[in-house]
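Q: Here is a sequence with its predicted model. Questions after.
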Amino acid sequence: MRMWLFTPEGFYSVVTAEEFGHELQVRARSGADLDRLREKHFPELGDSVRIPGRDYPVRAYTTRADLALCMMRIAEAIDYSNFKSVVSARQGYDRAHVYGAVWADCLKIETEEGAR
């Protein structure tokens with residue numbers, strides 16, 4: 001199972017990490033994203049590890065319990081009414097544009113089953 005997490009601090013993919021001897025790995029395409037997550041919400045997150053040639057070249061390891069604490073902190077820190085605007089303010093227009101493209105692609109979900 002995989003979870004994508006888009007926050008004002010960055011984009012992450014969370015998956016199991018048994019192959020590396022850990023419960024979970026938080027993967028990113030940008031080491032700076034992991035650094036911001038660690039600084040703002042997730043001090044328990046392990047050190048960043050670079051694995052060249054992988055889909056997400058930067059990752060850090062954690063436990064389910066620590067990830068749950070992080071998710072609680074993220075929820076408690078929501079202080080905005082427009083996600084794309086806060087991403088633009090905190091990370092810049094280019095990152096907000098990337099997130100906007102994901103948002104636009106997700107509009108297709110509304111027509112999949114008649115937008116029940």
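A: In hand now; what should we look at? Numbers count the residues shown, from 1 in each chain.

Q: Every contact and neighbour count from this point should use C-alpha atoms.
A: Fine.

Q: in the sheet, who's paired with residue 25?
A: residue 15, residue 61 (DSSP bridges).

Q: Neighbours of it, how many?
A: Applying other CA atoms under 10 Å, we find 24 residues neighbouring residue 25.

Q: That one contacts residue 59, correct?
A: Yes. Contact status for residue 25 versus residue 59: in contact at 6.3 Å, counting by CA atoms under 8 Å.

Q: Least confident secondary structure element in this structure?
A: Least confident helix or strand, the chain: helix 109-112 with a mean of 85, by mean pLDDT, DSSP states H and E.

Q: Which positions within it qualify as buried?
A: By neighbour count with 16 or more other CA atoms under 10 Å, helix 109-112 contains no buried residues.

Q: before we move on, what about stretch 69-81?
A: 70, 74.

Q: how far out from the middle of the chain is it?
A: When C-alpha coordinates are averaged (CA atoms, centre = their mean, to the nearest Å), stretch 69-81 and its chain have centres 13 Å apart.

Q: Could you name the helices and strands sitting against the helix or strand containing residue 105?
A: Assignment of secondary structure by DSSP states H and E places residue 105 within helix 93-106. Taking 3 or more CA pairs under 8 Å, 6 or more residues apart in numbering; DSSP states H and E as contact, the helices and strands that helix 93-106 lies on are helix 83-91.
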